[in-house]
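Student: show me the folded form of this:
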Amino acid sequence: MRTLLCLMLMLLPLCGARSIMRDPFEGNWKVRLNPDEDARRAGGRAFDDTLTFKAAKFESAFFKARGFKPAEYEQDTRGISTAKFTVHAGNDKGETATWEGSITSSDMSGSLVWTKDGEKQNFVFQGSR
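Tutor: Here you go, the predicted model:
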């Protein structure tokens, strides 16, 4: 029995272990975004948002209302207590949003670069599930 268990544990990575492991980002995250000083001078305002990670897709409620479509996200889950993600999203108006963040258990933080009308606005965000 012990030999069988050891064999199964050794083969698990080869059998798509990632697919049976829970995605640490999966679910909804409530975040507060705050503009940096330059973005504030350009008219950027703080706002609340809900970020959803589901089936390898990322969606922001705030940006969905502005025509942004769900986007695939890259994740780095090699850390022991921290996982990181990156998302590049856009809309039909040519606006882009690049999200970079990390999570530790139930907390999330990171940055957003929102490019609209050719100008970049930088935000930082924090939130939780």
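
Student: quick one: the residue nearest the centre of the chain from Lys69, how far?
Tutor: For the chain, Phe85 is the residue whose C-alpha lies nearest the centre (C-alpha atoms, centre = their mean; 5.0 Å). According to C-beta to C-beta, to the nearest Å, Phe85 stands 17 Å off from Lys69. C-beta: built from backbone N, CA, C; applies to glycine.

Student: could you tell me the end-to-end distance of stretch 39-52?
Tutor: One end of stretch 39-52 to the other measures 25 Å (C-alpha to C-alpha, to the nearest Å).

Student: if I pick Gly101, what's in contact with it?
Tutor: 84-85, 108-111, 125 (C-beta atoms under 8 Å, 6 or more residues apart in numbering).

Student: and the residues you listed as JSON lines, adding pLDDT?
Tutor: Converted to JSON lines, the contacts of Gly101 look like this (pLDDT from 0 to 100):
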{"residue": "Lys84", "pLDDT": "97"}
{"residue": "Phe85", "pLDDT": "97"}
{"residue": "Met108", "pLDDT": "98"}
{"residue": "Ser109", "pLDDT": "98"}
{"residue": "Gly110", "pLDDT": "98"}
{"residue": "Ser111", "pLDDT": "98"}
{"residue": "Phe125", "pLDDT": "98"}
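
Student: cheers, nothing more for now.
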